[in-house]
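# No letters, just coordinates:
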Ligand code: NOJ
């Protein structure tokens, strides 16, 4: 296989245009502001940006409720501003992927408005209806405690409609060939404007046949093959990154060796990682990595710490989840949907700088493609006074000036307040301050990204968990084309000293380290990792 699969060595940075930078001073982030701030991303070293939805939307679910798939919400600019941003990103060597949200639309979408109007509407069959009240309508809600049911009655339509998410997000009927054709058309439109692929929202719900007569008469995965084939013709090298919180048994079908999904977020590893952090031992994560299936041809797991949603812990046992809750989200207000945590990383880890850095280094070292959430590179905090997942979607903290440099608007005109309380408020935590401090988290993360980019073995190579005889440290090894990298992460709050003896490796050269481990050493030498320390080693010789 050639090395053309760019996403295997990419570092993806997710942001929401709304919260990143306000370019015109109206209190809302926009494409002009984002284009202006690309220097931050370039300095950081990321080479792919994932944009949360920016389409016209009533914004009842952070833009995941769309009313027009072919436009830009006027609050963020227009298509011209989008193209200018795309040009600026390309100029800096960054690819852009965007959210493709086609499991559902907003109730306000003209398709749904027409569909509910009459059974003769050309859009009636674009959605999933039931004349009778379906059974068990409260089973399978995605947002327990907030969402009541997955079917709601629409008086105008005189029928029940399916919505796997909020009531205001009716599911599209993907068994309808017209809907499938429209999905491809939407993809074609944005590919023509230069995007390098899509983060596909809610894939398991997209392809399910719930509510469709005869199960929709479709092979559920055929839609994914159609999407991938179509893309490959329209833009070579474009990718699909799946939001699919699935059992590992299903991964083979979702990847189809990369002919369906190019990347899938690894939710099971994400949850186990936090269990390991809570317990101060590498054991659970090491087990999870050892049993993780794959690799799958061109397919690749995507690693992450936090994202724009809650930290979903539903795959842990109840007892494990309680452990993570008591370590990282002890107050009920920090928890969400009876399964997750609505906090950012830094405050979750009590702003323990060593632990935050170790967790970040671990994310870049996990075999796969790392996906970061904006603001994590400086250790931003959350605002728990906001609703549900909005807590982790506060504006980017650029400097210690008004509104944290996010907007020049009057404070009261900014659409969402920039956190200003110690210890994670903008006065203390901001990009400008951390640029000027070589000991800052921002500098550390920048170094990690440079190391990750220089170690393609991690994204491409054969992966192995190494047994060093201790559960305190997670040791991972990756080999590719004669290159060999090993990473070590100390999960405990005490220094750990151990001999580094890995079969077949005589010489170790540190590639990244948070401590004094900078000199090359030979097999059998003892290495000390400080509390929550980490060290990446290139083995035997330089990469060929
Ligand atoms: C998954 C997205 O990540 C989440 O933010 C959204 O609420 C749901 N899909 C519904 O679109």
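Alright, I've got the coordinates. All figures in this text were calculated on a predicted structure; none of them were measured in a lab.
# From residue 209, how far out is the residue in the chain positioned nearest to the ligand?
The ligand sits closest to residue 64 of the chain, with a gap of 3.3 Å, by CB to the nearest ligand atom. No exception for glycine: its C-beta is placed from N, CA and C like everyone else's. As defined by CB to CB, to the nearest Å, residue 64 lies at a distance of 22 Å from residue 209.
# Next: residue 251.
20 Å.
# if you count what's nearby, which of these two comes out ahead?
Just comparing residue 251 and residue 209: by other CB atoms under 10 Å the higher neighbour count belongs to residue 251, 20 against 16.
# any idea which helix or strand carries the more buried one?
Per DSSP states H and E: residue 251 is located in helix 251-255.
# Quick check: which element contains the residue of the chain closest to the ligand?
Per DSSP H and E, there is no helix or strand for residue 64.
# give me the number of residues near it?
Residue 64, neighbours per other CB under 10 Å, totals 22.
# and stretch 448-468, how far from the chain's centre?
19 Å (CA atoms, centre = their mean, to the nearest Å).
# no wait, stretch 106-124
32 Å.
# what's the average pLDDT for it?
On average, the pLDDT along stretch 106-124 is 98.
# can you start the count at 58 instead of 1 from here on
With 58 as the first residue, the last one maps to stretch 163-181.
# Residues contacting it, please?
Identification of contacts with stretch 163-181 by CB atoms under 8 Å, 6 or more residues apart in numbering yields 114-115, 117, 122-125, 162, 183-184, 211, 213-214, 218, 224-227.
# do the same with stretch 556-570
By CB under 8 Å, 6+ apart, stretch 556-570 touches 418, 504-505, 508, 511-512, 523, 525, 532, 534, 541-543, 545, 574-584, 590-598.
# what about residue 352, which SS state?
With DSSP: H, G, I helix; E, B strand; the rest coil as the basis, residue 352 sits in coil.
# mind listing what it touches?
residue 520.
# Report the rounded mean pLDDT for stretch 317-324.
What stretch 317-324 shows for mean pLDDT is 98.
# Any idea how far apart the tips of it sit?
18 Å (CA to CA, to the nearest Å).
# buried stuff in the helix holding residue 308?
By neighbour count on 16 or more other CB atoms under 10 Å, the buried set for helix 308-312 is 308, 311-312.
# For the chain, which residues are neighbours of the ligand?
Taking CB under 6 Å from any ligand atom as the contact definition, the chain meets the ligand at 118-119, 121, 158, 222, 258-259, 300, 365-366.
# Just send the residues you listed back as CSV, with secondary structure too.
As requested, those are exported to CSV (three-state DSSP):
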residue, secondary structure
118, coil
119, coil
121, coil
158, coil
222, coil
258, coil
259, coil
300, coil
365, coil
366, coil
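# ok so, going back, other residues contacting the helix holding residue 308?
260, 278, 281, 299, 301, 303, 317-318, 321, 350-351, 353-354, 356.
# what do you get if the cut-off is 6 Å, keeping everything else the same?
278, 301, 318, 321, 350, 353, 356 (CB atoms under 6 Å, 6 or more residues apart in numbering).
# Stretch 141-154 too?
So stretch 141-154 is contacted by 88, 91-92, 95, 99, 104-107, 251-256 (CB under 6 Å, 6+ apart).
# what about this protein, any weak spots by pLDDT?
58-60, 272-274, 599-601 (pLDDT under 70).
# And the helices in the stretch 308-457 of the chain?
Along the stretch 308-457 of the chain, counting by DSSP state H, counting those that start in this stretch, helices occupy 308-312, 324-336, 340-347, 375-385, 402-405, 410-422.
# I'd like the distance from the last one to the chain centre, please.
Counting by CA atoms, centre = their mean, helix 410-422 is centred 16 Å from the centre of its parent chain.
# And for the fifth one?
Computed by CA atoms, centre = their mean, the chain-centroid distance of helix 402-405 equals 17 Å.
# Of the contacts of stretch 556-570, grab the buried ones for PyMOL.
Selecting the buried subset of these in PyMOL, with 16+ other CB under 10 Å as the burial test, is done by:
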select buried, resi 418+504+505+508+511+512+523+525+532+534+541+542+543+545+574+580+584+590+591+592+593+594+595+596
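# I'd like to know which of the contacts of stretch 141-154 are part of strands.
Counting by DSSP state E, the part of the contacts of stretch 141-154 found in strands is 105-107, 254-256.
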